[in-house]
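Participant: I'd like to go over a predicted model; first the sequence, then the structure.
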Amino acid sequence: MTTSTRRSVLRATAFGSVAMAAALVGCSKKEEAPSTSVAASAAAAAAPASGASAPLKIAFAYLGPVGDGGWTFAHDNGRKALEKELGSQVETKFVESVPESADAERVFRDMVAQGNTLIFGTSFGYMEPMLKVAADNKGVHFEHATGYKTADNMRVYDNRTYEGAYMAGVIAGGMTKTNTIGVVGSIPIPEVIRNIDSYTLGAQSVNPKVKVKVVWVNEWFNPPKETEGAQSLIDGGADVLLQNTDSSAVLQTAEKNGKYAFGWDSDMTHYGPKAHLASAVNNWGPYYIKAAKDALAGTWTTGHTWWGVKEGAIDLVSISDKVPADLKAKVDKVKAGLKDGSFAIWKGPIASNDGKEQVKAGTTADDAFLGSIKFFVKGVEGQVPGAK
Amino acid sequence: MDTYALLLAATLNAGTVLAIAGLGLLVNERSGIVNLGAEGMMLVAAIAGFATAVHTGSDWLAFGAGALAGAIMAGAFGVLVIWLNTNQYATGLALSLFGSGFSAFVGIHYTQERLESRPHFAVPWLSDIPFFGPALFRQHPMVYLTILFTVGLTWFLYRSRAGLVLRAVGESPESAHALGYPVRRIRLIAVMCGGALCGVAGAYISVVYTPLWVEGMVAGKGWIALALTTFATWRPSRILLGAYLFGGVTMLQFHLQGEGVAISSQLLTMLPYLATIGVLVLISRNPVWIRANMPASLGKPFFPGS
């Protein structure tokens, strides 16, 4: 192909793509125009008739794809529950795979510009971008998952995932044959360390001899690395695995090796039917419904919400038939105790694995203590990365 | 002793993905074309392979589908880069981004699927030898094929006429053109073969290594394979060595973490990269040797008749 032919090919391609883009933009504008006029007339007709306002526009920013079968999947199920419960009072949208960087700020500003007045950011890393956008948009409510900074129009919500980890630990302690269980950890932040510790405490409540091994993937989502981490735990003797990562790779590796594992964030039963013992799930529906109702009723205030089994936000589901009845009964007892508040997981005496006493006998650790845990309890092997 | 046998077995498994992709990129780069789209090709091949495995239940058909997907994408890349002479690096990056998005789009309906559990592979008599049995002979057949393929590729490049022509095209396309060889067609074939191999690697990830599909599941292995090809100075045996080294140190650092070793996990995570770069740089530190091995026309466009 000579240079002039190449130039003409490129020119034709450029014209073609610009023409196509123009056509697409033109088409979509035509579609939007009639729908907005219909909506406007409907709203005008409805307003004097019932005095009801336009639906509350809600937007969600997800860290990963809805199809991850884990963290984001659970959030989207919460969004769907919200839509089902409040129907025409709300209009929800979501954006997937929003990176935890300056790009997140652009996405949140976009959401505000599109008229959303209740915005959910479902990952820790959105904290700073959300704060910035919240400061510039006082009339919009912002909800940040798993964070800790708030503002007048931005509040924090979280789930007591450690309760799910504790209940999984109870099953693990009873099912292990080697007295060694493992955790594939994501990033060494207090939330994950707390889950590892609670898993250990749960296992020790039925099997005091159990040891816990931990490997860190240093990412929330990396299926090949999660597989390698799980494989190394199994090679090291662990036969029941918990994960704090977002894909089903750990469960699949356990299935391949004939060991046991738990589903995390969502019900992962069908990813590894032989290996699956139970799934510690996040149920975001109840909180999302409450937040939307707050916004609709005008009673939205800032604060810090931390819900668990009691409020229906955490559950251990799909417990396998391989788990013996007496072990299942123990889990049910813990669940009932968490529901009515009579059972506390972090009740002293609890010592860290370097021998220091962390929670005194007779006392119960409070939320502030739990929110900043940086030590491993006795029974976990190794040090917390980065801790002094 | 048993732990080390298992570690060795895990190394072979982990290194195979990088080795196959690295060898594919080697064939590519030996003809003078840099294909930065390895990650995108591997992702599209991963979903192609996974979808095929879900619908047909056959691993080998899945590898074939992955190879086909990789070859098609590489073919498109080849036409752009070889006939329209677009910048190879930019086009490769575009291919990578396209592959990420396209695979995510096509794979939306496959995230809830799972594959039947795979049978355990074991070479009949050799896998019972006390230490080396579990260490070396209980792998998926693809692991052994990779080693055989490396030997085959070395013979092809350095002992066969076709390999000589390929290397000639990579060193000096003008001279090859003057001698009458169809330089651009040879380059396209090399690019498509490279793409097919990257495709096999991608399908291996989604069908054997981590049998599931989620968006972005290759998680950077394509980029690692690209770097590996450069650090291994374009020699097949060194690519195999680098791949196993990287895979081995990755499993070793997880093993060390599991043992509770008092080194921070973030430092341990750096180990595979440091070790591979370190060893390969040491082996290949002779500058004359590097210049002798790098295809001289790598990354440069070729205009016949100019």
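Facilitator: That came in fine, so what should we check first?
Participant: Which residue is it, in the stretch 51-200 of chain A, that comes closest to chain B?
Facilitator: For the stretch 51-200 of chain A and chain B, the shortest gap (C-beta to the nearest C-beta) falls at A:Gly67, measuring 3.3 Å. Any C-beta I mention is one placed from the backbone N, CA and C, and that applies to glycine too.
Participant: How many neighbouring residues does the residue nearest to that residue when sequence neighbours are not counted have?
Facilitator: Of all residues not flanking A:Gly67 in the chain, B:Thr111 sits nearest, at 3.3 Å (C-beta to C-beta, 6 or more residues apart in numbering or on different chains). Applying other C-beta atoms under 10 Å in any protein chain shown, we find 21 other residues in the vicinity of B:Thr111.
Participant: Then A:Leu296?
Facilitator: 16.
Participant: Identify the nearest residue to B:Val123 in space, disregarding sequence-adjacent positions?
Facilitator: Nearest non-adjacent residue to B:Val123, counting by C-beta to C-beta, 6+ apart: B:Phe137, 4.1 Å away.
Participant: can you pull the contacts of B:Thr52?
Facilitator: By C-beta atoms under 8 Å, 6 or more residues apart in numbering or on different chains, the residues touching B:Thr52 are B:Ser58, B:Leu61, B:Ala62, B:Gly64, B:Ala65, B:Gly66, B:Ala203.
Participant: what about 10 Å?
Facilitator: By C-beta atoms under 10 Å, 6 or more residues apart in numbering or on different chains, B:Thr52 lies in contact with B:58-66, B:68-69, B:203, B:206-207.
Participant: Neighbours of the residue of the stretch 51-200 of chain A closest to chain B, how many?
Facilitator: Count around A:Gly67 with other C-beta under 10 Å applied: 20.
Participant: Now that it has come up, it's in contact with B:Ser103, right?
Facilitator: No: shown here, A:Gly67 and B:Ser103 do not form a contact pair, counting by C-beta atoms under 10 Å, at 11.9 Å.
Participant: quick one: common contacting residues for these two?
Facilitator: Taking C-beta under 10 Å, 6+ apart as the criterion, A:Gly67 and B:Ser103 both touch B:Trp213, B:Glu215.
Participant: What separation do you get for A:Val309 and A:Lys293?
Facilitator: A:Val309 sits 22 Å away from A:Lys293, taking C-beta to C-beta, to the nearest Å as the criterion.
Participant: higher neighbour count, these two?
Facilitator: Neighbours were counted for A:Val309 and for A:Lys293 using other C-beta under 10 Å; A:Val309 has more, 24 against 17.
Participant: what helix or strand is the residue nearest to that one when sequence neighbours are not counted on?
Facilitator: Nearest residue to A:Val309, sequence neighbours excluded (C-beta to C-beta, 6+ apart): A:Leu338, at 4.0 Å. Taking DSSP states H and E as the criterion, A:Leu338 maps to helix A:325-340.
Participant: which parts of that helix are buried?
Facilitator: For helix A:325-340, the buried set under the neighbour-count rule, 16 or more other C-beta atoms under 10 Å in any protein chain shown, comprises A:Leu327, A:Lys328, A:Lys330, A:Val331, A:Val334, A:Lys335, A:Leu338.
Participant: likewise stretch A:94-101?
Facilitator: By neighbour count on 16+ other C-beta under 10 Å, the buried set for stretch A:94-101 is A:Phe94, A:Glu96, A:Val98, A:Glu100.
Participant: In this structure B:Phe231 contacts B:Leu274, no?
Facilitator: No: proximity of B:Phe231 to B:Leu274 does not meet the contact threshold set by C-beta under 10 Å, at 12.0 Å.
Participant: When these two are compared, which one has more neighbours?
Facilitator: B:Phe231 (21 against 11).
Participant: residues contacting the more buried one?
Facilitator: B:22, B:238-239, B:242, B:246, B:276-281, B:283-284.
Participant: Looking at those, which are in helices?
Facilitator: When DSSP state H is applied, the contacts of B:Phe231 are split such that B:Gly22, B:Arg238, B:Ile239, B:Gly242, B:Phe246, B:Thr276, B:Ile277, B:Gly278, B:Val279, B:Leu280, B:Val281, B:Ile283 fall in helices.
Participant: What subset of those residues is buried?
Facilitator: Among the ones in helices among the contacts of B:Phe231, those classed as buried by neighbour count (16+ other C-beta under 10 Å) are B:Gly22, B:Arg238, B:Ile239, B:Gly242, B:Phe246, B:Thr276, B:Val279, B:Leu280, B:Ile283.
Participant: Now do the closest residue in space to the second one that isn't next to it in sequence against B:Gly163, distance only.
Facilitator: Distances taken as C-beta to C-beta, 6+ apart place B:Ala232 nearest to B:Arg238, at 3.7 Å, with adjacent residues excluded. In this structure, B:Ala232 lies at 17 Å from B:Gly163, with C-beta to C-beta as the measure.
Participant: ok, the two, which is more surrounded?
Facilitator: Between B:Ala232 and B:Gly163, B:Ala232 has the larger neighbour count (other C-beta under 10 Å), namely 24 against 17.
Participant: Correct me if wrong: the more buried one contacts B:Leu226.
Facilitator: No: if you go by C-beta under 10 Å, B:Ala232 and B:Leu226 don't touch, sitting 11.1 Å apart.
Participant: Need the overlap of contacts for the two.
Facilitator: Listed as contacting both B:Ala232 and B:Leu226 by C-beta under 10 Å, 6+ apart are B:Gly22.
Participant: Contacts only, for the spatially most central residue of chain A.
Facilitator: Against the mean C-alpha coordinate of chain A, by C-alpha atoms, centre = their mean, the closest residue is A:Trp71 at 3.9 Å. By C-beta under 10 Å, 6+ apart, the residues touching A:Trp71 are A:62-64, A:122-123, A:145, A:186, A:220-221, A:244-247, A:264-266, A:282.
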